[in-house]
Structures are given as structure tokens and as C-alpha cells.
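Novice: My questions are about this predicted structure, shown below with the sequence.
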Amino acid sequence: MSETKTINAFLKTRFMERATKAGATVLEADGLSGAARVIAATLKDKGEGVLVATPDLLSQPRLTRVLPLQPARDEFNVAGSVAGVSPGRFGIAETGSIVYAADSRLDRLVAMLSPVHFALVYAENIVPDLEVAGGRIRELQVQEGHKYVSFVTGPSRTADIERVLTIGVQGPKELYIVLINGASETEK
């Protein structure tokens, strides 16, 4: 195994361990078609309802052939959906976090308001630590011009209510990270 593959395998393993420890469920898939199948299988237990997605995913036939994705119309549509799907730009192995970049508030809300959220992250886009992530975030904002860049580590948690830990009050109650292996340039 080459040194690059060994490093990538280490980062992927570390990311999965940290994300799981933070309360996320990590699912692996081969390509976008595999991601769609994994999401569909997981949704069988979630009941019927709207599955919202960001516009860039609505134009991906590998997803839309399998999943009944709908555009997010407003905050109520997103919060009332069964789940949301959005692309994570990269993962951070050190923390198990996903970094999202969005241009519109509504696109951002798919990741922040859906009761169940599926984050699509390419395994090749996992960075080792927050220092490297900082440089990537600068690229997202300065070079690519994204208005909203967010870090997400696990499902929403708060202990504000009488110091009792509550899951899902201020964001997704469940976070599924679909780690996509073997991505091709045409899928991105």
C-alpha cells in the first residue's frame, strides 16, 4: 500500500471513530448510486414524508433515480420533512466534524433543521486537523465565495434545559454521515 493510501486510510478510520463518538452514524457507500441506496435503506425505518435536498443534489441522477428528493421550499418544509440530504465539503479527522458550505440560507437550513440529516462526504476529502481545515475554510469563503460555512459534529445536543442533555432541540436529532468511497470526477 502506498504512503498516500495509508495516510488516507488512517484519516478515514480516525474520522469515523470520532464522528461515531460524537453521536453520528457513519455509513459507507461506493459512489453516489451507493449513497442513494444506503440512504433509502436507512429511511425505511423513518416513516413516510418529504425528503428535502439542496439544489446541487437535485441535479444528480445517481441520487434522484433512487431517492424522491424534493427542493427545500421554506423553514417549515425543511423542519417538517422526514429527512434532509446535503453535501459536506470535507470532514475533519481530529474532531469527526463535517464542514458545510452554502450560498443560500435555505440550503444551509437543510443541514441544520431537518429532523434526520444525511451528510454526503467523499472519503478523499477528509483532512487531518483543524489547522488544515482553517485553510480549506478560507478557500471556501474567499476563493469560492460561499456565504455560510458551518462545522457540525454529531447530532444537535443541548443541556440548557435544566442541565439535562437533550438531543435534537436545535438541529437534527439524528445525523448520518454517508462516507463515499471511490468518487469519480463526474460525480462531484
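Specialist: Here it is on my side, so go on. Numbering: from 1, shown residues only.

Novice: May I see the buried residues of the strand or helix carrying Thr6?
Specialist: Applying DSSP states H and E as the criterion places Thr6 in helix 3-21. Of the residues in helix 3-21, Leu11, Lys12, Arg14, Phe15, Met16, Arg18, Ala19 count as buried by neighbour count, 16 or more other C-beta atoms under 10 Å. Heads up, the C-betas are built off the backbone N, CA and C, glycines and all.

Novice: Can you tell me what sits against that helix?
Specialist: The contact list for helix 3-21 (C-beta atoms under 8 Å, 6 or more residues apart in numbering) reads 1, 26, 91-98, 123-124, 126-128, 153-154, 177, 179.

Novice: ok, so what distance separates Asp129 from Tyr122?
Specialist: Counting by C-beta to C-beta, to the nearest Å, the separation of Asp129 from Tyr122 is 18 Å.

Novice: Now for the residue nearest to the spatial centre of the chain: which residues touch it?
Specialist: In the chain, the centroid-proximal residue (C-alpha atoms, centre = their mean) is Ala119; its distance is 1.8 Å. Counting by C-beta under 8 Å, 6+ apart, Ala119 makes contact with Ser86, Pro87, Gly88, Ile98, Tyr100, Ala111, Val152, Leu175, Tyr176, Ile177, Val178.

Novice: and if we set it to 7 Å?
Specialist: Listed by C-beta atoms under 7 Å, 6 or more residues apart in numbering, the contact partners of Ala119 are Ser86, Gly88, Ile98, Ala111, Leu175, Ile177, Val178.
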